[in-house]
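Colleague: Only the shape, not the letters, is given here:
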């Protein structure tokens, strides 16, 4: 079964989850849901019916794409992985097609990150990287294909070539929640010499 482990954040092309009078999740609450999904993946491996998830910051939701988006499948995900009123379930193939159309019109960009930690995933095709950008306080753990950086070293700096799936804000959670990482290359540039491209318009 083909699985697309895409993490993208919507600004949003088609997701309407909360009206103005509904309570929206805070950034910390959204991050907690993301962390629980990552924790489940690390311990148990990817749930069979899971395709992707992303954070819809505008509506204060985590959108989860399921291959089979039945009510029974939704309840199983909430029981096994994380149960929250701030989760919206969608049929995965519709959103993957939408992301592909968006990506065709957007250019990749490069950001340089310092690797704070490297951790194994239960899925041997992936690893977890904890990263931080120069002169920024935000720290984020992301999941990337092992083949992109098989020899990555903690404490070193790397250039990430990133292509957005959806419009994103200029922070780590948003960028890596709705983008694909195309390449990761070691760099000797330091400080202000490092490449920190603007987000594509």
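Modeller: Here it is on my side, so go on. Here the structure is a predicted model, which means the values were calculated and not measured. Residues are numbered from 1 along each chain as shown.
Colleague: For residue 192, grab the count of nearby residues.
Modeller: By the other Cβ atoms under 10 Å criterion, the neighbourhood of residue 192 contains 8 residues. In short, each C-beta sits where N, CA and C put it, glycine included.
Colleague: One more: residue 73?
Modeller: The burial count assigned to residue 73 is 17, neighbours taken as other Cβ under 10 Å.
Colleague: What of residue 144?
Modeller: Here the count is done by other Cβ under 10 Å, and residue 144 has 20 residues near it.
Colleague: Give me the pLDDT for it.
Modeller: pLDDT recorded at residue 144 is 89.
Colleague: downstream neighbour of the helix or strand where it lies in the secondary structure list?
Modeller: Secondary-structure element containing residue 144, defined by DSSP states H and E: strand 139-145. Of the helices and strands lying after strand 139-145 in sequence (DSSP H and E), the nearest is strand 157-164.
Colleague: Identify the residues contacting the next helix or strand after that following strand?
Modeller: Downstream of strand 157-164, the next assigned helix or strand under DSSP H and E is helix 172-177. With Cβ atoms under 8 Å, 6 or more residues apart in numbering as the test, helix 172-177 has contacts from 7-9, 27, 30-31, 34, 54-55, 57, 111, 131, 133, 138-140, 142, 162, 164, 168-169, 199.
Colleague: Of all the residues in the lengthiest strand in the chain, which ones are buried?
Modeller: Taking DSSP state E as the assignment, the strand of the chain that covers the most residues is strand 109-120. When neighbours are counted by 16 or more other Cβ atoms under 10 Å, the buried residues of strand 109-120 are found to be 109, 110, 111, 112, 113, 114, 115.
Colleague: Over to stretch 57-73?
Modeller: Within stretch 57-73, the residues scored as buried using 16+ other Cβ under 10 Å are 57-67, 69, 73.
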